[in-house]
Structure formats: C-alpha cells, structure tokens
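Trainee: mind folding the following:
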Amino acid sequence: MERDRGLDTVYVLDGQQLISYAKNVVKIDGRLSASAIMTNVWSDIAWEGIANEGGVTFRKGKKPETLIRRCLDLATNPNDLVLDSFAGFGTTGAVAHKMGRRWIMVELGEHCHTHIIPRLQKVIDGEDKGGISEAVNWQGGGGFRYYKLAPSLLRQDAYGQWIINKEYNAEMLAQALCKLEGFIYAPSDAHYWMHGHFTERDFIYVTTANLNHEQLQQLSDEVGAERSLLVLCTAFRGRGDYSNLTVKKIPKQVLSRCEWGHDDYSLQVENLPKAPPKAGQGDLF
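Mentor: Model (predicted):
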C-alpha cells in the first residue's frame, strides 16, 4: 500500500486488479457498468534535483530526463524518429539523442538559441553528465541540422489576390523557388537565366517580370535545343510554342503545392537538403 505517498490503495489478486463497485460503477450509454480508469503510477521518478539538467535554467515546464526516457523506452526503438512540436528546453531531443533515436524538435520562441542549442551542443560534446547520461553511458557524439522557418512566400493584396511577399529580394525568391521545385540553387555568371539546375541540361529561371512573346522567344533561342528551362514569373503572354521552355506563374505554382485544411501531421515536407554522411541524429526547426 502507498498511503504515505498520497496515492490510492490498489488491491491485486493473482496479477489482476480488484475493482470496487462502490467506486467504479459508471453510466455508459445509459447503462450502469463496472469500469476502471487505466493508469500507471510511476513512483520511482522524482522531480527533485532536475534544475541543473542540461546546464540551462528553464523555470516552467521542465521535465526530468528519466521521465522522457521511460516514455521513449515504452514507445520507440533505437533509430526511430521522435517528434517534439513544442521543444521548450529541448529535453526530448537531448534524451532521444543519448538513447540513439533520431529526433525533430520545433520551437517558435528564442528558446532555440538561448536554451536548446547550448544544451544539445553539450550533449554532442560529451559535456552533459546529468540526467540519464550515466545510466546510458553517454560519451558524446552525433550532431544535428538547424533550420529557420522563412517568411511566407506569398501574401494577399488589398483585392485578395496572391502576390509575392515584399520581404523577398530577388536572390531569396530564386533560392526559395529552387528549393520548392527540387532544383539546386547555383546562379550562373555567364547566363542571367540560369538560377539553378536539376540536371546538366535542365535549368530554372526566376523573375518578377511580366514576360511577353519577344522575351520568351529570346529565352528559347538562348537556351537552345539541347537544354530545357523552367521559367517562373509573375505573368506572361506568349504567342508561340517554345519547345525547350516550361513557363509558369509564381503564385499559382506555389499555391498548387500548398496543402489546406490539415490539422494533423500529414503535411509533406519536400526537397530538404540531404544530411552529410554520418552527420548526426536530429533536426531542429
């Protein structure tokens, strides 16, 4: 019995919990039924002494590393991917890293710079001796990639039309659309229309100009028959068939790749850069 710890008394017979009808009769679908709430009591995990875990102070919402370890032990296997959408102090990533899990953490505030990155760097360098480090014999190693969410590429004007966000300059716009279309951003010094490439013969050109027939024909002539060019612009007017050009409007092309009405984790994240060989175990956004 656990009376001294303020927990409910639980009676077990032959491995089965005994349910008292006086306390566990509830109405389900209009009928009285015997029921017991499923619960686990972990009295071996303490909250005391966790203030110094990770080496950075986090006054509210901090979780013990032993608690996160218990959860990951129950729900994951080594090399599984662990997601924490509200990273806070970064305990989930730190514990997952020490346990050999891959991880993704997301945080909106400045916690990424003031709390999470310093903590994870200590984990990687083997300087974090607290938490579960001793229990799992953590010696350091691994790494992570850090991504910052860019401003929205499109915005609506006063008439409800989708236009390019003014926060994007020409270089930022070209980089963003190369990423979105799966091209490698590599602007050419020799050709103004080469902003990136997909293969040695397939290129992309990004411009905020409204292209007319003469401009498109000139592009087609410069690209030549042996190469292809994806042209992304704000608007275009063509009168011919440009066999080596694919011309698309930027707002329409971007909106066609957006997903609407999702309230879960089903969104597709495409064309992220590949991690260097043996670079690490996690991503931080």
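Trainee: tell me where the model's unsure across the stretch 1-150 of the chain.
Mentor: Within the stretch 1-150 of the chain, the set of residues satisfying pLDDT under 70 comprises 1-8, 19-31, 33-41, 43, 46-49, 51-52, 55-61.
Trainee: in what helix or strand does Leu120 lie?
Mentor: In this structure, Leu120 sits in helix 117-125 according to DSSP states H and E.
Trainee: can you name the residues that contact the closest residue to Arg227 other than its chain neighbours?
Mentor: Nearest non-adjacent residue to Arg227, counting by Cβ to Cβ, 6 or more residues apart in numbering: Arg201, 5.0 Å away. (Each C-beta comes from the backbone N, C-alpha and C, glycine too.) The contact partners of Arg201, taken as Cβ atoms under 8 Å, 6 or more residues apart in numbering, are 226-228.
Trainee: and if you look at Trp162?
Mentor: With contact set as Cβ under 8 Å, 6+ apart, Trp162 has these partners: 154-156, 251, 254-255.
Trainee: for burial, what's the neighbour tally of Gly131?
Mentor: When neighbours are counted by other Cβ atoms under 10 Å, Gly131 registers 23.
Trainee: actually Leu32, not the one I wrote
Mentor: By other Cβ under 10 Å, 10 other residues sit near Leu32.
Trainee: beta partners of Val247?
Mentor: In this entry, Val247 is beta-bridged to Val231, by DSSP bridges.
Trainee: filter the contacts of Trp162 down to the ones in strands?
Mentor: Of the contacts of Trp162, the ones assigned to strands by DSSP state E are 154-156.
Trainee: quick one, what contacts Leu154?
Mentor: Contacts for Leu154 (Cβ under 8 Å, 6+ apart) come out as 162-165, 251, 254-255.
Trainee: if you go through the stretch 1-150 of the chain in chain order, where are the strands?
Mentor: Under the criterion DSSP state E, counting those that start in this stretch, the stretch 1-150 of the chain carries strands at the ranges 12-13, 16-17, 25-28, 31-34, 81-84, 102-105, 144-146.
Trainee: please work out the average pLDDT along the helix or strand containing Leu177.
Mentor: Per DSSP H and E: Leu177 is located in helix 170-181. Averaging pLDDT along helix 170-181 yields 93.
Trainee: pairing partners for the next helix or strand after that helix, with directions?
Mentor: Where DSSP H and E defines the elements, the next helix or strand beyond helix 170-181 is strand 184-185. Its sheet considered, strand 184-185 pairs with strand 196-197 (antiparallel) by DSSP bridges.
Trainee: what pLDDT, on average, does the partner strand get?
Mentor: The pLDDT scores in strand 196-197 average 97.
Trainee: downstream neighbour of that strand in the secondary structure list?
Mentor: Heading C-terminal from strand 196-197, the first helix or strand you meet, by DSSP H and E, is strand 202-206.
Trainee: between all of the contacts of Trp162, which two are separated the most?
Mentor: Gln156 and Val254 (12.7 Å; Cβ to Cβ).
Trainee: out of those two, which sits in the busier spot?
Mentor: Taking other Cβ under 10 Å, Gln156 and Val254 do not tie; Val254 has more neighbours (20 against 10).
Trainee: that one touches Ile163, doesn't it?
Mentor: No: using Cβ atoms under 8 Å, Val254 makes no contact with Ile163, being 10.8 Å away.
Trainee: from the contacts of Leu154, which would you call buried?
Mentor: Buried members of those, scored by 16 or more other Cβ atoms under 10 Å, are 164, 251, 254.
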